[in-house]
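S.K.: Kindly generate the corresponding structure for this input.
(chains A and B)
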Amino acid sequence: MTDLVEPVELVGPDDRGPARYGTLRYALSKAGGAMLSIAMVIVGTFFAFRMLPGDPVRALAQGRNMTPEQLDLERRRLGLDKPVAEQFLQFVQDTLRFDLGISYEYKRPVSDLINERFGATLLLAGTALVMAVSLGIWQGSRAGWKHGSRFDKLSTGASLVLWSVPTFWLGLLLLMVFAAGIGPIPGVFPTRGIESVDAPEGIGYILDVAKHMVLPCLTMVGVIYAQYLLVMRSSLLDEIGQDYVTTARAKGLRDDEVRRKHAVPNAMLPTVTLVFMRIGFVVGGAVTVEAIFSWPGLGQLFYEAIRVPDFTLMQGTFMLIAVSVILMNTLADVVYHVLDPRVRSA
Amino acid sequence: MRRRSIRKGIASLAALAAALLLAAPGQAAAEDAPERKVIRIGATQSMDSMNPFLAVRLVSTAIHRWMYGYLTVTDSKTLQPSPDLAESWTTSPDGLTWTFRIREAKWSDGQPITADDAAWTFNKMMTDDGAKTANGPAVENFASVTASGQDLTIKLKTPQASMLENPVPIMPKHVWEKVTDIGKFEAESYPAVTSGPYIAVEHKKDQYVKLEANPNYWRGGPKIDELQVVFYDNPAAAIVGLKKGDIDLIGRLAPPDFEALKGDDNIVQWDNQGRRSSYLQINHGATTTDNKPVGDGHPALRDPRVRQALHTAIDKQKLVDEVQNGLAKPANGSIVPPMYKDFFWEASGATLVSYDPAKANKILDDAGYKKGPDGVRTMPDGSRKLQLRFSIHTDAPIEDKLAEYLTGWFKEIGITLTTKRLDSSKFTEETGTTGLFDIAISGWSVNPDPEEVMATHLCSRRPTPSGEGGGTESFYCDPTFEQLYKDQQKELDRPKRADILKQMQERLYTDAPVIALYYPNDLEGYRKDRIAKITPIPEDNGILYGGSSYWPFYTIEAVTGDEENADSGSNAGVIAGSVGGVVVIGLAGLLFARRRKGTADDRE
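M.R.: Numbers count the residues shown, from 1 in each chain, chains lettered A, B, ... in the order given. Below is the predicted model of the structure:
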């Protein structure tokens, strides 16, 4: 089977060398840009958060009996009595050594706090992303191919409704129906957390965690899959009228095969960019979903940090999110370059 | 062909996983050992630290109360200090030297408890700044602490009547003296060495803490085997958890969550007097510690007559009914709620301010604040209209509702009130440091000894000239109040000291730097099919979770025997699991069949 428009086949054996060199140079320039962005994030993070109103020491003492002397002591301990310039230099030095500092509220290293919660967030947000992307691409390509059909209307409509629903509302609804149980529907799923208090060992533990993941995952997928569906659908619509699709049809290929083997790979490109961009945000977690299901992840930590404001913790979590978004964007650029010859020639 | 078998494999794996998942025996573990009596408490806060020198959150201090002995404990009947690790004590005539006799008991690891443990704890806090984080003020007045056998001697710098309310847990010296940097110590080694009714055996961050009964506790072990504190990020999920039986008790509920428990036969709705007071903070002329004005408070509020008129224009009963759903008591006193019988001051006779808009109008008329043609009053010199701001928090529906009522009532007396919603850190700054407010909502959860809440209205708590907050709740600085505060510190006779503390409340009531609105009830819920008995503090009409002692959770008893096993939840779970599993397998099969048809077509 030969298909001239199949992108991978465009890269013939002859031009593979220069293309690779080009990709490398391209990747390096992108990496340079990313480094610059990260440096700006480091600087920006420090000053942006210090512009937030509120005295963290006073906020932490809220509702407690603290003498002025003790508040002073706390301020000294946190280094807040030093001039901002000195604090900034210290911050840059520490950050370059990958030392994110000590959290004001938890009195523990920020990197430890992030480490403890990173896994839980990655598990939930990662699983939800994979599911949302698969569902979105699958439904989107079908809906786009048969646009105007009942399937198209139904799936586009359903995804848009879920997309518009407030996450909090959807999560609580699922919690009330499937965790508490209503009428004939029994409450099968747990109401909180990543594991039971008396979780079993081994395979039982994995099942226990999986059971805890069902509702938060469903909520997240429900809310985010529409974007993949819509992007996939519209880019497939763009491809439908293309000559190569007509050619493929003329070859006598089955409709399903024309879609799967010819249209979809070309329509995938915008979706790939979107997916990579979202991977960056995955580490930020879904604050709302984590809050509804008491998921012990990063989202909750970030929220707590802003509430105080716990400068070091905010800086740490924010930098983590910003840096992963930048890295993933850069990676998306590079992958795009590899996937799509049109970008390369441009 | 290969593709097909992969697909087949994935489909059957998915179906199997789904079936297993749904049927996973969640409660089976508990049923395997029916002898073990476990009580689960829900908390809408997670632990900030297992190290009592650092922990400040309510959930953490509550858990530490269950784990460690203190010098004294609040008596469950009288709310007075009673012997805990200190079995008796004496005071020198000048009130400066206190000698405590430490009880001959054992730590949970079998080591004897001595006065040396207590001396080490206090000395650590006096000498190590890191150890001051949680309870620094408690040792601020200590000159020296020494131990000899079971005798602990504390010398004070100035007399301090609240000595017996010392909030510091006594730590085992033999375990904790090995810690090099107490300010960074996580205390995450289990089982913990404790002297109280429970021993912490496990802590999963942001998830739960498991405490086992201490069988060698000197009062005798608790009547249950294990106490679990399970964390929820939001109260709505915790309510679902309680209804479902994932937790057995949840405290500190807001009125709407409390009302969501209505109609469940297995749940007891616990509605009793609480330890909190809600009040308005009035910017009566905020100043810094060097007595220089700070902020932009409306000048009219510096006039006590205007503050009195505002107080008179508030219908507190209406607020209780409409804002708190009837689950509070209107405040006919100041910042100490009536739960603390010994210290609560109640206004009566001429001092009692009750809702009377006509009287409020008259006070303002007499004081020369004339109403303009638009119905809004102006300052006697005509310089400014009486247009005030009311600072509340964002996302606080109760405060929004409160603002609506106040706006209406103040309009009747010719004062315009506009609501200003602030996020919590900005709110704290404007109402506690920079003084950029007119009237603000506030509140305080009061301890059995009211000295702490009184201290938040001292001159020294105002912000410093350089703009650092000192923890004031009112920017108050009143010579009478200051003198009374000093007097009560020296007065070791409890009834006499209570009198002084009542005078202080009266001063706050009549001078009105703060206006108490109501005392919210303590709202909790627990499952009576799981908890057979729990004693509140105080015993007649009090709090379960969040009080400052271990009584309720030391005396808690679990429902045992057949009743517990009658819980149909797990059966329903199994049935549902099976049904769910079948459905999923069916769906997966259907999908697989379709795919197979598809691939068959492909091969044509």
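S.K.: Can you pull the poorly scored residue ranges out of chain B?
M.R.: Counting by pLDDT under 70, chain B contains low-confidence ranges at B:1-34, B:469, B:561-604.
S.K.: In it, what residue comes closest to chain A?
M.R.: With Cβ to the nearest Cβ as the measure, B:Ser425 is the residue of chain B nearest to chain A, at 2.8 Å. For glycine as for every other residue, the C-beta is placed from the backbone atoms N, C-alpha and C.
S.K.: I'd assumed that residue was in a strand, is it?
M.R.: No. Looking at B:Ser425 with DSSP: H, G, I helix; E, B strand; the rest coil, it is helix, so not inside a strand.
S.K.: Looks like it contacts A:Arg307 (just checking).
M.R.: Yes. Proximity of B:Ser425 to A:Arg307 meets the contact threshold set by Cβ atoms under 8 Å, at 7.2 Å.
S.K.: These two - which one has more neighbours?
M.R.: More crowded of B:Ser425 and A:Arg307, by other Cβ atoms under 10 Å in any protein chain shown: B:Ser425, with 20 against 15.
S.K.: Find the nearest non-adjacent residue to the residue of chain A positioned farthest from its centre, please.
M.R.: Ranking residues of chain A by C-alpha distance from their mean position (Cα atoms, centre = their mean) puts A:Glu69 at the top, at 43.8 Å. Of all residues beyond its chain neighbours, the one nearest A:Glu69 is B:Glu140 (7.3 Å), with distances taken as Cβ to Cβ, 6 or more residues apart in numbering or on different chains.
S.K.: quick one: contacts of the helix or strand harbouring A:Glu290?
M.R.: Using DSSP states H and E, A:Glu290 sits in helix A:287-292. Helix A:287-292 has contacts (Cβ atoms under 8 Å, 6 or more residues apart in numbering or on different chains) with A:121, A:124, A:167-168, A:171-172, A:175, A:216, A:219-220, A:295-300, A:302-303, B:233-234, B:236-237.
S.K.: Pull out the buried members of those residues.
M.R.: Buried subset of the contacts of helix A:287-292 (neighbour count, 16 or more other Cβ atoms under 10 Å in any protein chain shown): A:121, A:124, A:167, A:171-172, A:175, A:216, A:219-220, A:295-300, A:302-303, B:233-234, B:236-237.
S.K.: For the stretch 351-500 of chain B, which segments count as strands?
M.R.: B:387-393, B:416-422, B:439-445 (DSSP state E, counting those that start in this stretch).
S.K.: Among those strands, which comes closest to B:Asp129?
M.R.: strand B:439-445 (26.6 Å; Cβ to Cβ).
S.K.: Please see if that closest one touches chain A.
M.R.: Yes. Judged by Cβ under 8 Å from any Cβ of the partner chain, strand B:439-445 comes into contact with chain A at B:444-445.
S.K.: what distance separates that strand from the middle of the whole chain?
M.R.: Its chain's C-alpha centre and that of strand B:439-445 lie 14 Å apart, by Cα atoms, centre = their mean, to the nearest Å.
S.K.: can you list contacts of it?
M.R.: A:63, B:275-283, B:301, B:310, B:335, B:388-393, B:399, B:402, B:406, B:417, B:427, B:430-431, B:453, B:456, B:473, B:514, B:546.
S.K.: buried stuff in stretch A:122-130?
M.R.: Buried residues in stretch A:122-130 (16+ other Cβ under 10 Å): A:122-125, A:127-129.
S.K.: when you check those residues against the strands, which ones overlap?
M.R.: Under the assignment DSSP state E, these contribute nothing to strands.
S.K.: Any part of stretch B:258-276 near chain A?
M.R.: No. Counting by Cβ under 8 Å from any Cβ, chain A is not contacted by stretch B:258-276; separation bottoms out at 10.1 Å.
S.K.: what sits up against that stretch?
M.R.: Under Cβ under 8 Å, 6+ apart, the answer for stretch B:258-276 is B:236, B:239, B:242-243, B:245, B:253, B:325, B:327, B:329, B:337-340, B:443-447, B:519-529, B:536, B:541-544, B:546-547.
S.K.: Let's see that with 7 Å instead.
M.R.: B:239, B:242-243, B:325, B:327, B:329, B:337-339, B:443-446, B:519-529, B:536, B:541-544 (Cβ atoms under 7 Å, 6 or more residues apart in numbering or on different chains).
S.K.: Any of these buried? List them.
M.R.: B:239, B:242-243, B:325, B:327, B:329, B:337-339, B:443-446, B:519-527, B:529, B:536, B:542-544.
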